[in-house]
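Engineer: Whatever this is, show me its structure:
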Amino acid sequence: MTITDVQPHLLKAKASKSDPDNPTWSQAMNSADADKWWDAMSTEMQTLEVDLKAWKLVKREPWMKVLPCTWAFRIKRFPDGLVKKFKARFCVRGDCQTEGVDFSDTWSPVIQWSTVRTMMVLSTKLGLRSAQADITAAFVHAELAPDEHIFVHQPAGFQRGHNLVLSLNRSVYGLRQAPRYFFQHLKRHLERHGLQQSSLDPCLFIGKSVIALCYVDDILFYARADSYIDDIIQRLKEDGIMIRKEGSAEGFLGVDVKSLGTPSAPRLLLTQTGLTKRIVEALGLCSTFSSAAATPAETSPLPKDSQGVPATGTFNYAAVVGMLLYLSGHTRPDIAFAVHQCARYTFCPTRRHELALIRIGRYLKGTMDKGLIMSPNDKPCVDCYPDADFAGLYGHEDSQDPHCARSRTGYLITMFDCPVLWKSKLQTEIALSTMIKIHEDNVGALTLASLEPQRMTPRSKHYAIKYHWFREHVHSKRVHLLKIDSRNQLGDLFTKGLPAPAFTHLRSLLMGW
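Structural biologist: Here you go, the predicted structure:
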């Protein structure tokens, strides 16, 4: 039996069962906004069937494998949470495809947010112009191979004729191979117009006058003048790509970007207020009785707590973790450590883990309108602030569990003194000492990196290859080691829970508030 009335987002573990922004067919058709959803579906059919000729109707034959389809509905919102538009997407049920028979390769890249932040810093320093662009029905622009035959049932609400099915000409949404086909299609056209793919980020394309950052069907352009951006967009339109300009970089992928400061001392504020509000609401913290927390995590680490009190299930743990990961990875590095601790237990949370998530929510409630302030200085250099705890979970978890012996690595990389990349994670290797830290407040790391003649010790030979690689960079002057006071070690924010005074001090250095 095949279930056809299914919302594709519900097939994902992080989806919410009752998200009003992503209704099923039945919910959309019986809602007060049913007319708006019908308009959205009609627009989608016009684009696919008439404008792009994505399929043709053919008589169903006994030998055909016909894939089911569904409608995916979504209310797109601005960063502040206001409704932007009602979106209906006709999707093929790719979960019914068979690997090796219906498709082979599926992988497709998206832009790294470290690249986006780097470009935002550079554009501020260099006075670059920016513009967002959106490609309508992006995946459908790519054609299927001549020997590829895919048949799909007709969409609900738009059936025409008996015993007829859709024979696809293009890679309709939902096909497992559709993202890959579209990216290859977009890459060919960008390179055709002189934008070369970066070897460091496959979704970064650099030309003589324009830089393009691609996140599926959303493209962010940077150039010295608006005319260069308008020119590349016009040329893509002439290639048959249904692309439209949507303003500057403000609001890119749900991140609100505001310009602060003055032309001589520019600053950027990156916030996700709408997402923060939804997290607080999902945790049930909207009441005035829910107090704010000064820090997002306790000073002691969060263990597995396998024998602890079971989770109450009063909120969707996985959905909240998913939203927090998106928030911490884009504009709130101050919660990265706390969120990663909770994310480890997404599939087996206890009440202790729920309370840890609630603490993060209480902290966000008290900093609702805050975000990442980027104030570039005049020093064009890249700085790294790495840190590691030493088997931080040991003594808090079962000593027979090898995970308790793993150390946590955290680091922050800045450009022009602006955060562009950060990470908090458990190490994949069990460290024998914290000398693996390379930053300024660790004497062992400084000694190993600069000691002459170079030598290994029994405590350090387990990472000999990495050690020699790093020394080569130090002695070639591509990496400089600088001593820093431990009080200003920004890496501490990503490896441990800190007392409020220490956390507030480091947060001011990192976030600008």
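
Engineer: nearest residue to residue 128 other than its sequence neighbours?
Structural biologist: Nearest residue to residue 128, sequence neighbours excluded (CB to CB, 6 or more residues apart in numbering): residue 222, at 4.7 Å. The way it works is simple: take the backbone N, C-alpha and C, and place the C-beta from them, glycine included.

Engineer: What count of nearby residues applies to the one you found?
Structural biologist: The tally of other residues near residue 222 (other CB atoms under 10 Å) stands at 21.

Engineer: In a strand, it, correct?
Structural biologist: Yes: according to DSSP: H, G, I helix; E, B strand; the rest coil, residue 222 belongs to a strand.

Engineer: distance of it from residue 280?
Structural biologist: Distance of residue 222 to residue 280, computed by CB to CB, to the nearest Å: 34 Å.

Engineer: just checking, the residue nearest to residue 128 touches residue 209?
Structural biologist: No: in this structure, residue 222 is not within contact of residue 209 by CB atoms under 8 Å, at 10.1 Å.

Engineer: And the lowest mean pLDDT element among the helices and strands of this protein?
Structural biologist: helix 443-450 (a mean of 56; mean pLDDT, DSSP states H and E).

Engineer: Next up, the contacts around the residue nearest in space to the middle of the chain.
Structural biologist: For the chain, the residue nearest the mean C-alpha position is residue 326 (5.5 Å; CA atoms, centre = their mean). By CB atoms under 8 Å, 6 or more residues apart in numbering, the contact set of residue 326 is 272, 275.

Engineer: three-state assignment of it?
Structural biologist: Residue 326 is classified as helix under three-state DSSP.

Engineer: any idea how far it lies from residue 339?
Structural biologist: From residue 326 to residue 339 the distance is 10 Å (CB to CB).

Engineer: Residue 421 now?
Structural biologist: 16 Å.

Engineer: Between these two, tell me which one has more neighbours.
Structural biologist: residue 339 (24 against 18).

Engineer: Name the residues that touch the one helix or strand the more buried one maps to?
Structural biologist: According to DSSP states H and E, residue 339 maps onto helix 336-343. For helix 336-343, the surrounding residues in contact (CB under 8 Å, 6+ apart) are 296-297, 301-302, 321, 324-325, 327-329, 349, 353, 356-357, 359-360, 363, 410, 422-425, 493-497.

Engineer: Helices - which of those residues land there?
Structural biologist: If you go by DSSP state H, the contacts of helix 336-343 have 321, 324-325, 327-329, 353, 356-357, 359-360, 363 in helices.

Engineer: Let's have those residues in a markdown table, adding pLDDT and neighbour count.
Structural biologist: Listed next are the ones in helices among the contacts of helix 336-343 as a markdown table, based on pLDDT from 0 to 100; neighbours: other CB atoms under 10 Å:
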| residue | pLDDT | neighbour count |
| --- | --- | --- |
| 321 | 96 | 22 |
| 324 | 96 | 28 |
| 325 | 95 | 18 |
| 327 | 96 | 23 |
| 328 | 96 | 22 |
| 329 | 94 | 15 |
| 353 | 94 | 24 |
| 356 | 95 | 23 |
| 357 | 96 | 24 |
| 359 | 96 | 19 |
| 360 | 97 | 27 |
| 363 | 97 | 20 |
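
Engineer: List just the nearest of those residues to residue 254.
Structural biologist: Residue 254 lies nearest to residue 327 out of those, by CB to CB, at 9.7 Å.

Engineer: State the distance from that closest one to residue 228.
Structural biologist: 33 Å.

Engineer: Quick one: neighbours of the closest residue to residue 376 other than its chain neighbours, just the number.
Structural biologist: Distances taken as CB to CB, 6+ apart place residue 416 nearest to residue 376, at 3.7 Å, with adjacent residues excluded. Residues lying near residue 416 (other CB under 10 Å) number 20.
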